[in-house]
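J.: Sequence first, predicted model second:
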Protein chains: 2
Amino acid sequence: MQWYKIFIPELRELIETRSLKELGEFLRRFHPADIVDILREFPATDRVLAFRLLDKEKIAGVFSLLELEEQEELLKQFTEQRVKEILLEMGPDDRAQFLEELPADMVKRLLALLPAQEKEVTNLILNYPPGSAGRLITTEYVALSPEMTAQEAIDQVRRTGLDKETVYVCYVVDKTHKLVGVCSLRDIILAPPSKKIGEIMNPMVYHVKTTDDQELAAQVIQKYDILAVPVVDQEGRLVGIVTVDDVLDVVQAEVSEDMQKMAAVARPEEGYFALSFSQSVPKRVTWLVILLVIQTFTGNIIHLFEDTLNSMMILTYFIPLVISVGGNISAQSSTVVIRGLATGDLRSPFWWNILKRELFMGALMGIILGLIAIARVMLWADNIKIGLAVAASVIAIAFVGNLWGAFAPLLFRRLRIDPAVASAPLMATVMDLTGLSIYFGVVVSVLHFTRVM
Amino acid sequence: MQWYKIFIPELRELIETRSLKELGEFLRRFHPADIVDILREFPATDRVLAFRLLDKEKIAGVFSLLELEEQEELLKQFTEQRVKEILLEMGPDDRAQFLEELPADMVKRLLALLPAQEKEVTNLILNYPPGSAGRLITTEYVALSPEMTAQEAIDQVRRTGLDKETVYVCYVVDKTHKLVGVCSLRDIILAPPSKKIGEIMNPMVYHVKTTDDQELAAQVIQKYDILAVPVVDQEGRLVGIVTVDDVLDVVQAEVSEDMQKMAAVARPEEGYFALSFSQSVPKRVTWLVILLVIQTFTGNIIHLFEDTLNSMMILTYFIPLVISVGGNISAQSSTVVIRGLATGDLRSPFWWNILKRELFMGALMGIILGLIAIARVMLWADNIKIGLAVAASVIAIAFVGNLWGAFAPLLFRRLRIDPAVASAPLMATVMDLTGLSIYFGVVVSVLHFTRVM
């Protein structure tokens, strides 16, 4: 992935000898994504120097890929004219993504640099809710009318769109700009030149609304193996398209977000080093504090059974063991269900199937773990009462933990809370409380029962 | 995502009235991915009926998207001729993916149905290691020679490739089939008809090897925003391409695998209902058993400090609390690092930066949690000694847990073990043992120290 690495010595030499012309030519041969990696290998002063040598299209590409802090740093070094050029070269979606992170007054100042039409598009995108498909749209697509002939369409494509990757799929809109069909460049080329687009196009167009979740756009593109999905407003008018490359980024970002939530990180963001230290701490410590406070109630439960523990100290030995079973098993079932919901693999009608499956699975895994637990206790303590109590607790805790881990994400989803909030640490904390209660309940019952016998 | 739903009543009627011709026409209007969903809404007998009505291209598309069990069920219903047609219509990558799941004798029987060339391609793909880029290749790409003119290239594309989505990017190979360049259909169309492909093409081609990990192919496509990446053998000869739609599937599958490993599921697979109950249980119970056995040593630690506990029963109250801090905080740091490694965001040169950051973050979060813990203990027990002991333990455990959570995935990576194995449950179990030792160590020290005073 870092093929440019072999050129680093050559690049360093060009910089050290200040061979600016050669350096510029050299850099221009690389893809913007590589240039970003290359720039980061250099000290900060040389970075600005190298950046200035790029032509404006490359600059826009490279600029879009930088972290916010790097972008702000660079903007300070540029003249207003240069900033305007970069902003104009950026795609509308990249531009909106960059602007949304900046302070409001700076956004206003930068937007003022743009011509009216570009400003309007950018404002439009910035007005869609964060995380919506509208935020990802690019307006660089080819729109055809159903009355055009194939030949006219080809001319139109040649005139407006041949520098766009997305030209291979064309969208057909009526006079009010309502999306009415889709056709591939291939179909247009193969059709007789005088045939009308209206007859060539496919009127069944997969599309999403501007307000739909970005994840839906990703799912549509993935399900139908298409290169882009058109985005329409509430009246069905085409406002832009979301392309597969943006969707790949969304999928990765959503996954990172889910994973961090599942590890009890509050409001996570992608990129390990993207956040400063002081921004990261509150995101991570929030849930830890909540969980710590909930955890203190485990002390109250133990306090309730203090007499039992006092009379049989050995029962204390197994506290961490039995409660950990609940944490581990609920982490598994909650993760499996959260992921199934995220990929669309699990849907609401399956609820009962999921819970039934987890119910039996929890019971079976509980019995396996219970048998191991009793063997281990007998080996160690040679006390059948304690062995039975521990084994019975492990079985009950595994059963409850597995079911609760599967149920919690489904419940959260129903309550319109992100299922990923049912994190392993949250589940473990809840299961610590539940597990302790089960353990003491079982222990007291077993001791009572064996005494009666 | 389920737009076909509104047609379900109409479809049911067509099936009930056995209007086979209309049903066939109706179904053919849908995308294979939708047809799969539609078929699953029907009872099993109607499913086979509806399936038979599809034309052979649609059948191949639908067939590729079914689960293995459904595929095997259908194959039994078809004549050899029909099976052959379906196999021939499937893309080489889909075909290989289907065959690799079947028992060896069935694969042999099915391969025998194919013509020599198709058999060879399929065998080739099946010989690449599972999870490698070679397993994903399709051979449906357009190859040009550098000596061709632009006009000859266009004719070649028209002749061989216009029904392929992947035609928009053409690969240039020399006489030994070595990959020497890439050019877009756009560049060819815009060039003067007599210009040689060798002059039009870009000789810098991003590519991967057949033996490279599928994740690398995904990263290349994502980094460079390209629609497909060419795959070459050890001698640099082009053997096929991997397209962005397959990569999207890979990304989702890899993520599901990572997430499940991070929840201590052994050798996970995608798709909640893809595995039967008896296949799922061993995958989930393996780690649970291992962790349970490790956990039993917490009992030994408590046993060691039995005298201390006996003399101050209140110390027992805080056992679940202090050890849970280690589990929670290590789940966070391990998740953040595992994900960073998977996306390529974190690389080896960053090791020291990561550990330094987590070291400070652990210390800071430990102090916050320690202050809350001491407040809670004082409120409850009003014993400054115990309060200090609990707070000091929480701080030390948070510090160690956070650092260990970040270090373990890096260590696993270095040992060539998948970092995702550093699951939250594994971290929690290790931290339970570490946490208990720290707690008792701190308690004994604090009690000793305050007694001396």
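T.: Structure received. Numbering: from 1, shown residues only, chains lettered A, B, ... in the order given.

J.: can you pull out the strands in the stretch 101-250 of chain A?
T.: Per DSSP state E, counting those that start in this stretch, the stretch 101-250 of chain A carries strands over the ranges A:143-144, A:169-173, A:179-184, A:208-209, A:228-232, A:238-243.

J.: and the second one with chain B, contact?
T.: No. Using CB under 8 Å from any CB of the partner chain, strand A:169-173 stays clear of chain B, coming no nearer than 9.5 Å. Placement of C-beta: from N, CA and C, glycine included.

J.: Determine the angle, from 0 to 180 degrees, between that strand and strand A:238-243.
T.: On the basis of axes from the mean of the first three to the mean of the last three CA atoms, to 10 degrees, strand A:169-173 is oriented at 160 degrees to strand A:238-243.

J.: Dump the C-alpha coordinates for strand A:169-173 into CSV.
T.: Provided in CSV are the C-alpha atoms of strand A:169-173 (Å, rounded to 0.1, in the frame of the first residue of the first chain):
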residue,chain,number,x,y,z
VAL,A,169,-24.6,5.7,-15.7
CYS,A,170,-26.9,8.5,-16.9
TYR,A,171,-30.1,9.6,-15.1
VAL,A,172,-33.2,10.6,-16.9
VAL,A,173,-35.3,13.5,-15.6
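
J.: now it against strand A:179-184, angle please.
T.: With the same axes, to 10 degrees defining the directions, strand A:169-173 sits at 160 degrees from strand A:179-184.

J.: returning to that earlier point: just put the strands of the stretch 101-250 of chain A in TSV and tack on distance to A:Ile386 and mean neighbour count.
T.: Output for the strands of the stretch 101-250 of chain A, formatted as TSV (distance: least, CB to CB, whole Å; neighbours: other CB atoms under 10 Å in any protein chain shown):
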stretch	distance to A:Ile386	mean neighbour count
strand A:143-144	76	20
strand A:169-173	69	23
strand A:179-184	70	20
strand A:208-209	59	21
strand A:228-232	61	24
strand A:238-243	61	25
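
J.: Mind putting the ones you listed into TSV with mean pLDDT?
T.: As requested, the strands of the stretch 101-250 of chain A are exported to TSV (pLDDT from 0 to 100):
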stretch	mean pLDDT
strand A:143-144	90
strand A:169-173	91
strand A:179-184	91
strand A:208-209	93
strand A:228-232	92
strand A:238-243	90
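
J.: To A:Asp34, which of those lies closest?
T.: Across the strands of the stretch 101-250 of chain A, the minimum distance to A:Asp34, taken as CB to CB, is reached by strand A:238-243, at 20.7 Å.

J.: Three-state assignment for the closest residue to A:Ala392 other than its chain neighbours, please.
T.: Leaving aside its chain neighbours, A:Ala392 sits nearest to A:Val442 (5.0 Å; criterion: CB to CB, 6 or more residues apart in numbering or on different chains). When classified by DSSP: H, G, I helix; E, B strand; the rest coil, A:Val442 comes out as helix.

J.: Spatially central residue in chain A, please.
T.: The geometric centre of chain A, computed from its C-alpha atoms, lies nearest to A:Glu254 (CA atoms, centre = their mean), at 0.8 Å.

J.: That one and A:Ser194: what is the separation?
T.: A:Glu254 is 46 Å from A:Ser194, where distance means CB to CB, to the nearest Å.

J.: do the same with A:Asp105
T.: Taking CB to CB, one finds A:Asp105 at 56 Å from A:Ser194.

J.: Okay, now the unreliable bits of the stretch 301-450 of chain A?
T.: A:347-350 (pLDDT under 70).

J.: all helices of it, in order?
T.: Remark: helices assigned in the stretch 301-450 of chain A by DSSP state H, counting those that start in this stretch are A:306-311, A:314-317, A:319-343, A:351-381, A:384-414, A:424-452.

J.: picking that back up, turn the strands of the stretch 101-250 of chain A into TSV, including distance to A:Leu364.
T.: Conversion of the strands of the stretch 101-250 of chain A to TSV gives the following (distance: least, CB to CB, whole Å):
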stretch	distance to A:Leu364
strand A:143-144	58
strand A:169-173	50
strand A:179-184	50
strand A:208-209	42
strand A:228-232	43
strand A:238-243	44
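
J.: hmm, back to that, next up, the contacts around the residue nearest to A:Ala392.
T.: A:389, A:392-393, A:396 (CB atoms under 8 Å, 6 or more residues apart in numbering or on different chains).

J.: Same question for A:Lys84.
T.: A:113-114.

J.: Wait, a helix at it?
T.: Yes. A:Lys84: assigned to a helix according to three-state DSSP.

J.: Relative to chain B, how far out is it?
T.: For A:Lys84, the distance to chain B equals 24 Å [CB to the nearest CB, to the nearest Å].

J.: How about A:Gly387?
T.: 12 Å.

J.: Check A:Leu346 too.
T.: Counting by CB to the nearest CB - A:Leu346 and chain B are separated by 5 Å.

J.: now stretch A:290-300: how far from the chain's centre is it?
T.: 31 Å (CA atoms, centre = their mean, to the nearest Å).

J.: is chain B contacted by that stretch?
T.: Yes. Between stretch A:290-300 and chain B, judged by CB under 8 Å from any CB, the touching residues are A:291-293, A:295-296, A:298-300.

J.: related to what we said a few turns ago, state the distance from the residue nearest to A:Ala392 to A:Glu358.
T.: 22 Å.

J.: do stretch A:232-249 and chain B meet at all?
T.: Yes. Counting by CB under 8 Å from any CB, chain B has neighbours in stretch A:232-249: A:244-245, A:247-249.

J.: Might you specify the subset of those residues located within helices?
T.: Those of the residues of stretch A:232-249 next to chain B mapping onto helices are A:244-245, A:247-249, per DSSP state H.

J.: so how far is the first residue of stretch A:265-277 from its last?
T.: One end of stretch A:265-277 to the other measures 14 Å (CA to CA, to the nearest Å).

J.: Give the rounded mean pLDDT of it.
T.: Mean pLDDT, computed over stretch A:265-277, is 67.

J.: do stretch A:193-202 as well
T.: Stretch A:193-202 comes out at a mean pLDDT of 91.

J.: Can you give me the end-to-end span of that stretch?
T.: Note: stretch A:193-202 ends 18 Å apart using CA to CA.

J.: Repeat that for stretch A:140-153.
T.: 16 Å.

J.: can it be found next to chain B?
T.: No. Figure legend: stretch A:140-153 not in contact with chain B (CB under 8 Å from any CB); closest approach 12.6 Å.

J.: Buried ones in that stretch, by neighbour count?
T.: For stretch A:140-153, a neighbour-count test (16 or more other CB atoms under 10 Å in any protein chain shown) marks A:140-146, A:148-150, A:152-153 as buried.

J.: so how far is it from its chain's centroid?
T.: Worked out by CA atoms, centre = their mean, stretch A:140-153 lies 36 Å from the chain centre.

J.: So A:Asp225 sits against B:Leu227, correct?
T.: No. With contact defined as CB atoms under 8 Å, A:Asp225 does not count as touching B:Leu227 (11.6 Å).

J.: which one of those two has more residues nearby?
T.: More crowded of A:Asp225 and B:Leu227, by other CB atoms under 10 Å in any protein chain shown: B:Leu227, with 21 against 18.

J.: Test my guess that the more buried one contacts B:Thr243.
T.: Yes. The pair B:Leu227 / B:Thr243 is scored as a contact, 6.6 Å apart, by CB under 8 Å.
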